[in-house]
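Enquirer: the following comprises the amino acid sequence and a computationally predicted model.
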Amino acid sequence: DVKVTQSSRYLVKRTGEKVFLECVQDMDHENMFWYRQDPGLGLRLIYFSYDVKMKEKGDIPEGYSVSREKKERFSLILESASTNQTSMYLCASRRTSHEQFFGPGTRLTVL
Amino acid sequence: QKEVEQDPGPLSVPEGAIVSLNCTYSNSAFQYFMWYRQYSRKGPELLMYTYSSGNKEDGRFTAQVDKSSKYISLFIRDSQPSDSATYLCAMSAGNFNKFYFGSGTKLNVKP
């Protein structure tokens, strides 16, 4: 059974804090993605990675960075959290086909 | 103008009803069309995938693509309370690292 796990289901942080969101997949997939999901806006791509240490910006990379040191792990970093980064964050992975497998999401609240 | 438009609902139907969910899009280059189902507090999971125009059926679900009208539909026959979820459409022009998602339609099937 394929699995994408995310380190936290719920997270509350303060403005200005550095925030790490971790994602791990056990399917040996090359491609991994970070999205944020907001009401009325759907899923928006923040960053994706197509290999270890390789990354590309998505549609809304500002205020975020990523790290992929191992194939199975993709981290999203909020360098200095702001209230407008309060959102649901979804990690996904895929191999060669169109299908993305999503994690359960992390609901981040920035106070 | 958004690339993909989807009515957010909510859509409330009685058990056994036929449900029609729809998305419109503006980019004629889209060729790959997907429907994801997202239960509350879970990540999206792929439900249906269609390439180019036409219909695809899988059990109670039928996906339909009309490229001339830039319109896609998901039909659910004999709807069940377990179908209550948010349904997201997604599409791609062929770059599977870049998907365009609708904002999702929330469906409630009443017993």
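Expert: Nice, thanks for sending it over.

Enquirer: list the contacts of A:Lys44.
Expert: Not Lys; residue A:44 is Arg. A:Tyr35, A:Arg36, A:Gln37, A:Asp38, A:Gly58, A:Asp59, A:Ile60, B:Phe101 (Cβ atoms under 8 Å, 6 or more residues apart in numbering or on different chains). Quick note: C-beta positions are derived from backbone N, CA and C, even for glycine.

Enquirer: most widely separated two among those residues?
Expert: A:Asp38 and A:Gly58 (14.3 Å; Cβ to Cβ).

Enquirer: may I have the one helix or strand A:Phe20 maps to as PDB, with CA atoms only?
Expert: Using DSSP states H and E, A:Phe20 falls within strand A:19-25. The C-alpha coordinates for strand A:19-25 follow below in PDB (Å, rounded to 0.1, in the frame of the first residue of the first chain):
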ATOM      1  CA  VAL A  19       8.800  26.300  10.400                       C
ATOM      2  CA  PHE A  20       9.800  22.900   9.000                       C
ATOM      3  CA  LEU A  21       7.200  20.600   7.400                       C
ATOM      4  CA  GLU A  22       8.400  17.100   6.600                       C
ATOM      5  CA  CYS A  23       7.200  14.700   4.000                       C
ATOM      6  CA  VAL A  24       8.200  11.100   3.500                       C
ATOM      7  CA  GLN A  25       7.200   8.600   0.800                       C
END
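
Enquirer: next structured bit after it?
Expert: Following strand A:19-25 toward the C-terminus (DSSP H and E): strand A:31-38.

Enquirer: that next one pairs with which strands?
Expert: Sheet partners assigned to strand A:31-38 using DSSP bridges are listed as strand A:42-51 (antiparallel), strand A:87-94 (antiparallel).

Enquirer: so that strand versus strand A:19-25, what angle?
Expert: 130 degrees (axes from the mean of the first three to the mean of the last three Cα atoms, to 10 degrees).
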